[in-house]
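Asker: Return atomic coordinates for the entry below.
(chains A and B)
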Amino acid sequence: MSSHRIVGQRARKVDGFKLVTGRTAFTDDIALPGLLVGRILGSPHAHARIRGIDVSRARALPGVHAVLTYQDVPRVPHTTAGQAWPEPSPYDTYLLDAKVRFVGDRVAAVAAESRAIAEEALRRIEVDWEVLPPVLDMEHAMDPGAPVIHDEPDATGIRDAARNLAGDIHTHIGDVEAGFRASDLVVEREYRTQRQQHAMIEPHIVICWLDADNRLVIRTSTQIPFHVRRQVAMILQIPVSRIRVIKPRIGGGFGGKQEMVLEDICAALALAAHRPVKLEYSRHEEFFMARTRHPQILRLKMGVKRDGTIVAHHMKVLAATGAYGSHCTTVQGNTGSKVLPLYRAPNLRFDCDVVYLTTPQAGAFRGYGCPQGYFAQESLVDEIAHELGMDPIAFRLKNAIRQGDVDELSAQLGEGKKGLPRTIRSCGLPQCLERGALAIGWKDKRNGGVRRRGTLLRGVGVATSMQGSGIAGVDFAGAFLKVNEDGSFNLQVGATDLGTGSDTVLAQIAAETLGVTLEKILVYSSDTDMTPFDVGAYASSTTIISGGAVKKAAEKTRDALCCFAAQLLGAAPEDLVCRDNRVVAPDGKSVTMAETATFAFYKEKTQVMEGASHFNTDSPPPFCATFAEVDVDTETGQVRVPHLVTAVDLGVAINPMQAEGQAEGAMAQGLGYALSEELVLDDAGRPLNASFCDYKIFTAKDMPKLTTILVETEEPLGPYGAKSIAEVPINGVAPAVANAIFDAAGIRLRRLPIRPDAVLAALAAQKGPA
Amino acid sequence: MSDLVIHVTVNGEARRWSVAPGDLLLDVLRREGYWGVKKGCETGECGACTVLVDGRPVNSCLMFAAQAGGRSLTTVEGVSARDQLDRVQAAFLDHGGVQCGYCTPAMVLCTEALLARTPDPTEAEVREMLSGVLCRCTGYRKPVEAVLAAAGARAREAGPAASGAPKGRRRRRTGGRR
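Answerer: Now for the predicted structure:
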């Protein structure tokens, strides 16, 4: 690995200058003449039908340029999920509809000359409501007689609309019942997870206008520009060729922007008003009108031999997708396919129902079904290891998937269809466990329960997890490179940097391959007119899939340049090596990249430029071991985390500094998931804590000491051996914390987030009946 | 409502603004071309709109523009000269303190304010100052490292005498807290 010059560098972000100086970079950082402000009227009811709607007083208001209701727009069933076509999510959503299915659902939209006028226009819209009973409890959503949320006849892809069943998954390998009979110990437990909100600091925002050629330009904060182009074309019934989607810098996404959230309605407003329109969510709206993580109830049953060998594991999941089914079966499919195979049991079964509720819509969120699954599975194996009197690390090492194994469950559970088996070609999980244990001080601190300062109990816990690197057989990306006469290169990629640093990582891959320094690569990304296609930034795919495309394009470009350099050097092209901005012959003679490019331009009249596409038929998993140290206050129930360790096998780190940053951000988000974050609804489905005051994400002061350990392995399918990093480190935080609480206080918390009242109740129950 | 005319100093330059009584400082700054001021919540919770008012960090979404009359404002555009980065900005890039960059201008400004008052801060002081700015990308470890590194660079440049802190307070355990 050390032979690399650019790959492996802790390089500054290539887009860092504009970010750190506050230059115009983000969607909103643009001044357009005649820009209107769009606003959406959100439903006050969780479930209701519009009997009548009168917008005449809104339209009459001076300064209002467009008012749209379901009567004014095409009715095209679709999904807002940003997924490759054909999307595996049901087509159950409409630009605007005569029915609303959650508090905040779209009723109407306006575009006006100021926000004040737009909001006055919303107040002037009169709706005659037929209020319907809400459906708020996922355990009763499928009851006979429950109100039907999707009773419209034109939706497609819903598993059983009459029962509010959006989708279901039932799959197995082996025979779990036989496995349980053959086990010495069978443990069954239930775990519950909550609605978590992405809370990216830049809320959803989009600006749409018609350009001089009357084409629709959509400047948007998205992870999926190419999917947005396709979706908006379908919904507004205009050709793809009439739409240009531009993604500027993005202020965070975490999956919340792997979704067409505002682009369709903003585009409709711009077309109706024939003026530029900006539409953005307020922070309050962002909490419940955007997307959340799917809440789940997980029932796990695991059978083991006395020596700790897992024989059978059955996971039953009930999940709520909220009002619409975007990502419903794929997120939950991941809960099975990326969690169960971590342990090489011969008998696995996964059963899952995903139900509709009249609640905010769930969607993609970093981890994509895995944080729920791993909270349950990693808590359960900890319980079992304890029951068997085994060290939790030893139990995991004994059962964990390893290099050379083939995960057959992934073949059963693809992206909404049969998938592909997963072969483990690289696995650093044992090293992750070893180095992580050392960093947390496992040997000294485990089996703590040592009282400190009166009411504080300290303990340590561990969890392991894996993820994927792109969606096997589905994700693909294009990349394009052209050389300039000074030996610099324009790299054009559809890949979508949402703050993750992918522009930098892709530039490093290009520079490494071309043998040039990093500043020679000029990255332009995510503009549907100007860059090749890419499915977008999700599924931990960009480094491996988009990076694969960049590497191929760079190899072709390098080889083409070598043909010209060969003429200058009088050598055979295949004998030349590119390094340090030069092309070097075996005899040591060399020409600069600039001389080569200038020769190609002005002597040979050739623009050297190459494009390439890339996809994989397998999705190599990164592996992660998470260790948490906790203090449980027995008087207040407060859990504090003084130290959190993540050791992650990401393949080769293209940029270790950025990779660490990904892990550390995931740890912070994972801590919120474990301890504080939940979007709470009242008994009418209204959000109770839609602000940063009431929905607590960790601040600089709240964060524990973080230790990040990059365990590098060499992945044959990845560019320069890379796998992925962005998602996997979030999976283990909640279970590691829960397991550490057990180590400290002997109580099991099986519901997220773990709040002080639950801790106190568990402590009381522990003392009580005994 | 009739507009008010106010005189402010922004990044060292005198400005004359015509503002409505209800205009937020955040909106006026962006309207006047200070795009580095970011909007994240408009309720004073996220800190992305932080600017310095007479050297102190303020959420510009919680201040009327009219209240800025006669004050001296600093936005991120005023931190460095044209194409040069100052130490704080360079440290944020060199230490991976920037991911999406949306909260970065606010973090940079808070750091400038902290280091102006406390040239050699402890990690706890850094975390206290940065706790007014929510970041969802970094987990704060690298921003904290960046601030401590920038402080170190300043202290080195100015020489040991310039450090206002007694020697005993000079703890720079990155990653640790309290």
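Asker: what's near enough to touch the residue of chain A found nearest chain B?
Answerer: Distance from chain B to each residue of chain A (C-beta to the nearest C-beta) is smallest for A:Gly22, at 2.1 Å. (Each C-beta comes from the backbone N, C-alpha and C, glycine too.) By C-beta atoms under 8 Å, 6 or more residues apart in numbering or on different chains, the contact set of A:Gly22 is B:Tyr34, B:Trp35, B:Gly36, B:Val37, B:Thr75, B:Val76, B:Glu77, B:Thr104, B:Pro105.
Asker: Domain-wise, how is chain B divided?
Answerer: B:4-78, B:87-169 (automatic domain parsing).
Asker: what residue ranges in chain B score low on pLDDT?
Answerer: B:1, B:159-178 (pLDDT under 70).
Asker: so which residue of it comes closest to chain A?
Answerer: Nearest residue of chain B to chain A, counting by C-beta to the nearest C-beta: B:Gly36, 2.1 Å away.
Asker: For A:Gly436, see how far away that residue is.
Answerer: As judged by C-beta to C-beta, to the nearest Å, B:Gly36 and A:Gly436 stand 39 Å apart.
Asker: residues in contact with B:Phe64?
Answerer: Going by C-beta under 8 Å, 6+ apart, the list of residues near B:Phe64 reads B:Pro21, B:Gly22, B:Asp23, B:Leu24, B:Leu25.
Asker: at 10 Å what do you get?
Answerer: B:Phe64 makes contact with B:Leu4, B:Ile6, B:Val19, B:Ala20, B:Pro21, B:Gly22, B:Asp23, B:Leu24, B:Leu25, B:Val28, according to C-beta atoms under 10 Å, 6 or more residues apart in numbering or on different chains.
Asker: Equivalent analysis for A:Thr171, please.
Answerer: A:333, A:336-337, A:340, A:348-352, A:409, A:411-413, A:418.
Asker: Pull out the buried residues from those residues.
Answerer: By neighbour count, with 16 or more other C-beta atoms under 10 Å in any protein chain shown, the contacts of A:Thr171 hold A:333, A:336-337, A:340, A:348-352, A:409, A:411-413 as buried.
Asker: Now, these that are in helices?
Answerer: Counting by DSSP state H, the buried ones among the contacts of A:Thr171 place A:Gly333, A:Gly336, A:Ser337, A:Leu409, A:Ala411, A:Gln412 in helices.
Asker: mind giving me TSV with those and columns for distance to A:Phe564 and pLDDT?
Answerer: Formatted as TSV, those follow (distance: C-beta to C-beta, whole Å; pLDDT from 0 to 100):
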residue	distance to A:Phe564	pLDDT
A:Gly333	49	96
A:Gly336	53	96
A:Ser337	48	95
A:Leu409	50	89
A:Ala411	47	85
A:Gln412	51	82
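Asker: Throw those residues into CSV and include distance to A:Ala765, thanks.
Answerer: Formatted as CSV, these follow (distance: C-beta to C-beta, whole Å):
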residue, distance to A:Ala765
A:Gly333, 35
A:Gly336, 31
A:Ser337, 35
A:Leu409, 36
A:Ala411, 43
A:Gln412, 39
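Asker: and those residues near chain B, which?
Answerer: The overlap between these and the neighbours of chain B (C-beta under 10 Å from any C-beta of the partner chain) is empty.
Asker: Could you point out which of those residues is nearest to A:Leu95?
Answerer: Closest approach to A:Leu95 among these (C-beta to C-beta): A:Gly333, at 27.6 Å.
Asker: how about the nearest residue to the closest one, chain neighbours excluded?
Answerer: Nearest non-adjacent residue to A:Gly333, counting by C-beta to C-beta, 6 or more residues apart in numbering or on different chains: A:Leu413, 4.8 Å away.
Asker: go on, B:Gly78?
Answerer: Take B:Gly78 and drop its neighbours on the chain: the residue closest to it by C-beta to C-beta, 6+ apart is B:Asn11, 2.8 Å away.
Asker: which residues of the stretch 1-150 of chain A score low on pLDDT?
Answerer: Where the stretch 1-150 of chain A drops to pLDDT under 70, the residues are A:1-2.
Asker: the strands in it, which residues?
Answerer: Secondary structure of the stretch 1-150 of chain A, counting by DSSP state E, counting those that start in this stretch: strands at A:36-42, A:48-54, A:64-68, A:99-100, A:106-112, A:126-131.
Asker: what residues are up against A:Asp631?
Answerer: Counting by C-beta under 10 Å, 6+ apart, A:Asp631 has contacts A:448, A:452-453, A:455-459, A:638-642, A:740-741, A:744-745.
Asker: Tell me, how many residues neighbour A:Pro153?
Answerer: 7 (other C-beta atoms under 10 Å in any protein chain shown).
Asker: part of a strand, is it?
Answerer: No - counting by DSSP: H, G, I helix; E, B strand; the rest coil, A:Pro153 is not found in a strand; it is coil.
Asker: any idea where the strands of the stretch 201-350 of chain A begin and end?
Answerer: Using DSSP E, counting those that start in this stretch, the strands of the stretch 201-350 of chain A run over A:205-210, A:216-220, A:243-246, A:277-280, A:296-304, A:310-322, A:347-356.
Asker: quick one: strands adjacent to the longest one?
Answerer: With DSSP bridges as the criterion, the sheet partners recorded for strand A:310-322 are strand A:296-304 (antiparallel), strand A:347-356 (parallel).
Asker: Tell me which of those sits nearest to A:Arg163.
Answerer: strand A:347-356 (8.2 Å).
Asker: Dump the C-alpha coordinates for the closest one into PDB.
Answerer: C-alpha atoms of strand A:347-356 as PDB (Å, rounded to 0.1, in the frame of the first residue of the first chain):
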ATOM      1  CA  ASN A 347     -30.300 -21.700   9.900                       C
ATOM      2  CA  LEU A 348     -31.500 -18.100   9.400                       C
ATOM      3  CA  ARG A 349     -35.000 -16.800   8.900                       C
ATOM      4  CA  PHE A 350     -36.200 -13.300   8.300                       C
ATOM      5  CA  ASP A 351     -39.800 -12.200   8.400                       C
ATOM      6  CA  CYS A 352     -40.800  -8.600   8.100                       C
ATOM      7  CA  ASP A 353     -44.000  -6.600   7.700                       C
ATOM      8  CA  VAL A 354     -43.800  -2.900   6.900                       C
ATOM      9  CA  VAL A 355     -47.000  -1.000   7.700                       C
ATOM     10  CA  TYR A 356     -48.400   2.400   6.800                       C
END
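Asker: orientation of the helix or strand just after it relative to strand A:310-322 in degrees?
Answerer: Going down the chain from strand A:347-356, the next helix or strand is helix A:370-388, by DSSP states H and E. Helix A:370-388 and strand A:310-322 are oriented at 150 degrees to each other (axes from the mean of the first three to the mean of the last three C-alpha atoms, to 10 degrees).
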